[in-house]
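Participant: got a predicted structure plus its sequence, pasted below:
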Amino acid sequence: MAKELAIETRGLTKQFDRHIAVHDLDLQVAAGEVYGLIGPNGAGKTTLLRMLATAEEPSTGEIYIHGERLLRDRTNPTLKQYIGYLPDDFPLYDDLTVQDYLDYFAGLYYLREPKRSQRIYEVLELVDLSHKRHSLIATLSRGMKQRLSLGRTVIHQPLLLLLDEPVSGLDPIARQQFRDIIKTLREAGMTILISSHVLSDLEDFCTSIGIMELGYLVESASLAELYQRLSNQQIFISTLGSVNPLVTHLKNCANIEEWEVIPGSQQVRVQFTGDLETQALLLRSLIDAGLPITQFYPTQDNLESIFLKLGHKQAS
Ligand SMILES: Nc1ncnc2c1ncn2[C@@H]1O[C@H](COP(=O)(O)OP(=O)(O)OP(=O)(O)O)[C@@H](O)[C@H]1O
């Protein structure tokens, strides 16, 4: 059975004066997906997210959230409760404490006691800021502020999270913490649409990827499908002694397109087209042939290489 769509847009278009920022966009994101939106600066990602968050009125087209038409006026307040939106500039109130800030937003979403305190406690735990609950926001690091903003965005337990470049400007440790939170939210079943230029992060937690260019959605597929369609798989195999017996054996193996002996080493780089099971069979055949294998190391193209191959220039 097809999965329920958390987001569906039909012919979604946004025009600013004579410039079309988002062009006739049909997007489908299934419930429970983490969908990474990438594309060069000015491709229309922020405009799309803003329309999904009802911060921007579409020029034409329709948006459906869990099958229900999303309108910018006051007609569907319950539907808007389903959505959590973290804009790229994530404004914070520096003179509030972390606890008071979350409490303020809990109030805006009509959370009442005792649920309100319970939810603030859960969110502080989730974003690892329990120890900072009484600190002024002004005293937090950028990574902490970013996690607090994410906490504020999920305070009302939305079904759909819209994140606009949430890791920009964060150091590797702060990004790792952020990735861990996203994975926790994914495991809890939240649907997440996230725009980012950091492809290695998206690769880590996304289930699907969409590429925007000049307002168009030019690619939309599951990460697994993208890898299958576009990723080269290589295996580095090392042996003791001469590589010649290894090369002779490889010539008779299936799913091997090319091989190359790495100069000055006892290692062969193999271009491999099989799946994981055939990879295991290859390793078994090397061992059964009595070859003294010391290393069997499969690698595949990462998201960055795939997109460069597609001709999409991503800044990482
Ligand atoms: N309020 C506005 N008025 C006029 N033009 C706008 C407005 N907002 C966005 N644009 C234009 O729409 C296009 C898409 O911008 P948008 O911010 O959506 O791109 P983006 O993909 O999010 O870029 P980035 O990766 O730099 O954040 C750009 O050409 C931008 O200048």
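Facilitator: Received, thanks. Numbers count the residues shown, from 1 in each chain.
Participant: ok, now which ones touch residue 70?
Facilitator: By C-beta atoms under 8 Å, 6 or more residues apart in numbering, the contact set of residue 70 is 52, 54, 63-64, 76, 79-80. In this view, the C-beta of every residue, glycine as well, is placed from N, C-alpha and C.
Participant: make it 6 Å
Facilitator: Contacts for residue 70 (C-beta atoms under 6 Å, 6 or more residues apart in numbering) come out as 63, 79.
Participant: low-confidence bits of the protein, can you list those?
Facilitator: By pLDDT under 70, the low-scoring segments of the chain are 1-2, 311-316.
Participant: okay, now the domains of it?
Facilitator: 3-89+153-226, 231-299 (the TED database).
Participant: anything in the longest one near the ligand?
Facilitator: Yes. Under the criterion of C-beta under 6 Å from any ligand atom, domain 3-89+153-226 makes contact with the ligand via 16, 19, 21, 39, 41-47.
Participant: which residues does the top strand by length along the chain contact?
Facilitator: Counting by DSSP state E, the longest strand found in the chain is strand 5-16. Contacts to strand 5-16, defined as C-beta under 6 Å, 6+ apart, come from residues 21-22, 24-31, 47, 58-64, 66, 160, 191.
Participant: do a quick rundown of the helices in the chain.
Facilitator: Here the chain has its helices, by DSSP state H, at 45-52, 77-81, 98-108, 115-126, 142-153, 172-187, 199-205, 223-230, 244-251, 276-288, 303-309.
Participant: and these as CSV, adding mean neighbour count?
Facilitator: Converted to CSV, the helices of the chain look like this (neighbours: other C-beta atoms under 10 Å):
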stretch, mean neighbour count
helix 45-52, 24
helix 77-81, 13
helix 98-108, 18
helix 115-126, 16
helix 142-153, 21
helix 172-187, 16
helix 199-205, 19
helix 223-230, 15
helix 244-251, 15
helix 276-288, 13
helix 303-309, 18
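Participant: I'd like those as TSV, with distance to residue 136 appended.
Facilitator: Listed next are the helices of the chain as TSV, based on distance: least, C-beta to C-beta, whole Å:
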stretch	distance to residue 136
helix 45-52	29
helix 77-81	29
helix 98-108	8
helix 115-126	15
helix 142-153	11
helix 172-187	19
helix 199-205	29
helix 223-230	40
helix 244-251	63
helix 276-288	51
helix 303-309	38
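Participant: before we move on, back to that, go ahead and build a ChimeraX selection from the buried members of the contacts of strand 5-16.
Facilitator: ChimeraX command restricting the contacts of strand 5-16 to the buried ones, with burial defined by 16 or more other C-beta atoms under 10 Å:
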select :21,22,25,27,28,29,30,47,58,61,63,64,66,160,191
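Participant: among the contacts of strand 5-16, which are in strands?
Facilitator: Members of these lying in strands (criterion: DSSP E): 21-22, 24-25, 28-30, 60-64, 160, 191.
Participant: which of those residues sits closest to the ligand?
Facilitator: Of all the ones in strands among the contacts of strand 5-16, the ligand sits closest to residue 21, with 3.3 Å by C-beta to the nearest ligand atom.
Participant: wait, that closest one sits on residue 48?
Facilitator: No. Judged on C-beta atoms under 6 Å, residue 21 makes no contact with residue 48 at a distance of 8.4 Å.
Participant: which residues touch the residue of the stretch 201-316 of the chain found nearest the ligand?
Facilitator: Closest approach between the stretch 201-316 of the chain and the ligand, counting by C-beta to the nearest ligand atom: residue 212, at 6.3 Å. Neighbouring residues of residue 212 by C-beta under 6 Å, 6+ apart: 39, 43-45.
Participant: now the residues you listed in JSON lines, with distance to residue 278?
Facilitator: Shown next, in JSON lines, are the contacts of residue 212 (distance: C-beta to C-beta, whole Å):
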{"residue": "39", "distance to residue 278": "35"}
{"residue": "43", "distance to residue 278": "38"}
{"residue": "44", "distance to residue 278": "41"}
{"residue": "45", "distance to residue 278": "38"}
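Participant: biggest separation within these, which pair?
Facilitator: The span of these, defined through C-beta to C-beta, is set by 39 and 44 at 7.4 Å.
Participant: who's the residue of the stretch 201-316 of the chain closest to the ligand bridged to?
Facilitator: Here residue 212 sits in beta bridges with residue 217, going by DSSP bridges.
Participant: mind checking how far it is from residue 42?
Facilitator: Per C-beta to C-beta, to the nearest Å, residue 212 is found 10 Å from residue 42.
Participant: please apply the same query to residue 111.
Facilitator: According to C-beta to C-beta, residue 111 stands 38 Å off from residue 42.
Participant: please apply the same query to residue 291.
Facilitator: Look at residue 291 and residue 42: by C-beta to C-beta, they are 54 Å apart.
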